[in-house]
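Asker: Task: produce atomic coordinates for the following.
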Amino acid sequence: MSERTPVADPGQLIPVVRTTAVARCNPLTKITVALVLMVAALLSIDLVSAGIVLAFSLVLLPASGLDPVQALKRLWFLPAGALLAAWGTAILAEKTGAVLVELGPLLITTGSASVAAAIFVRALALAIPLVVLASTIDPRDLADALIQHLRLPETLVVSVLAAGRLLGLLVVDWQTLSMARRARGVADGSPLQRASSLVAGIFALLVQAIRRGTRMAMAMEGRAFGRPGRTWRRRSAFHPRDLVLLGSAVLVGVAAIASALVLGTWNPILGG
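Answerer: This is a model prediction of the structure:
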């Protein structure tokens, strides 16, 4: 059976073109790569190791099939949060070295500024690999990999997959119900009437969700989910590109740690 290579999915948080080599890697490989990179950045608070991991993640961004412009527009809060953490660190960290800024109680030195810079880069190095690789994972491929390779209970995995994919339908159903009730004038009136309309809308949404869940349960039963000997239309397989991606991540992690040790910037979070 030929391998499935879908194109961009506009319904995702970040549009992804799934025809690139990284995007077509096995979901378990992507999760492992993200964990390797995050561990390499997590072990120490220094600019060198975190910077190497961050540079590799940024290089991996276009190869993953993500749209960099859309990623920056929709994930702007990541650098903003990292900058906020760095600012707090610069203010509260131990004051060593020459004074850079001194405005009353605000004191920033070269030592606290270097720690703040390391925190900023480290925060991005921890977040970006997870976001980049997780955004390229198709939930169906992840469910297939978890069941076929890790032998997780297929009923549980597929149920969670179905719940996640149907979560967006709840929002659409709620918007449809709200517009329908507003068109009939039911949602207007006093605060008590609005509260009553809200309760009625929630009840109608619950009824729709139960009906949809019942139909899906019957469909899953008809397809023999949870029964032994069931075959799979899509086979989750590993390819040479998975080994290349995983090997690259391991090399980057080792290089990041080794470079920090050689340059003397290694600052382990556990001390020592």
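
Asker: show me what contacts Gly97?
Answerer: Thr109, Thr110, Gly111, Ser114 (CB atoms under 8 Å, 6 or more residues apart in numbering). Every residue, glycine included, has its C-beta placed from N, CA and C.

Asker: Try it again at 7 Å.
Answerer: Thr109, Thr110, Gly111 (CB atoms under 7 Å, 6 or more residues apart in numbering).

Asker: Spell out which residues sit in contact with Ala86, please.
Answerer: Ala116, Ala117, Ile119, Phe120.

Asker: now these in TSV, with pLDDT, distance to Lys30 and secondary structure?
Answerer: Formatted as TSV, the contacts of Ala86 follow (pLDDT from 0 to 100; distance: CB to CB, whole Å; DSSP: H, G, I helix; E, B strand; the rest coil):
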residue	pLDDT	distance to Lys30	secondary structure
Ala116	93	31	helix
Ala117	93	29	helix
Ile119	93	26	helix
Phe120	95	25	helix
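
Asker: sec struct for Ile108, please.
Answerer: strand (DSSP: H, G, I helix; E, B strand; the rest coil).

Asker: Walking through this structure, point out its strands one by one.
Answerer: Per DSSP state E, the chain carries strands over the ranges 99-103, 106-109.

Asker: what's the domain layout of this protein?
Answerer: 22-137+238-263, 141-223 (the TED database).

Asker: now those domains as JSON lines including distance to Thr231?
Answerer: Below are those laid out as JSON lines (distance: least, CB to CB, whole Å):
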{"stretch": "domain 22-137+238-263", "distance to Thr231": "20"}
{"stretch": "domain 141-223", "distance to Thr231": "10"}
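
Asker: for the ones you listed, which one ends up most surrounded?
Answerer: domain 22-137+238-263 (a mean of 18; mean count of other CB atoms under 10 Å).

Asker: Now do it: distance from first to last residue.
Answerer: 32 Å (CA to CA, to the nearest Å).

Asker: Give me the helix or strand of the protein that scores worst on average pLDDT.
Answerer: Within the chain, no helix or strand scores below helix 68-74, which has a mean of 74 by mean pLDDT, DSSP states H and E.

Asker: May I have that one as PDB, with CA atoms only?
Answerer: Provided in PDB are the C-alpha atoms of helix 68-74 (Å, rounded to 0.1, in the frame of the first residue of the first chain):
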ATOM      1  CA  PRO A  68       7.100  30.300   9.400                       C
ATOM      2  CA  VAL A  69       5.000  33.400   9.000                       C
ATOM      3  CA  GLN A  70       1.900  31.800  10.300                       C
ATOM      4  CA  ALA A  71       3.800  30.200  13.100                       C
ATOM      5  CA  LEU A  72       5.100  33.600  14.200                       C
ATOM      6  CA  LYS A  73       1.700  35.100  14.000                       C
ATOM      7  CA  ARG A  74       0.000  32.400  16.000                       C
END
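
Asker: Packing partners of that helix?
Answerer: Contact partners of helix 68-74 among helices and strands, from 3 or more CB pairs under 7 Å, 6 or more residues apart in numbering; DSSP states H and E: none.

Asker: Start at 43, not 1
Answerer: Let's use 43 as the start, then, which means that last one is helix 110-116.

Asker: thinking again about what came up before, can you put the contacts of Gly139 in a markdown table and add pLDDT and distance to Ala266?
Answerer: Rendered in a markdown table, the data for those read as follows (pLDDT from 0 to 100; distance: CB to CB, whole Å):
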| residue | pLDDT | distance to Ala266 |
| --- | --- | --- |
| Thr151 | 91 | 66 |
| Thr152 | 89 | 66 |
| Gly153 | 88 | 64 |
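
Asker: Dump the residues you listed to TSV, plus distance to Val249.
Answerer: What follows is those, written out as TSV (distance: CB to CB, whole Å):
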residue	distance to Val249
Thr151	62
Thr152	63
Gly153	62
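
Asker: Helices of the stretch 193-314 of the chain, start to end?
Answerer: Ranges of helices in the stretch 193-314 of the chain, per DSSP state H, counting those that start in this stretch, are 196-225, 233-264, 282-305.
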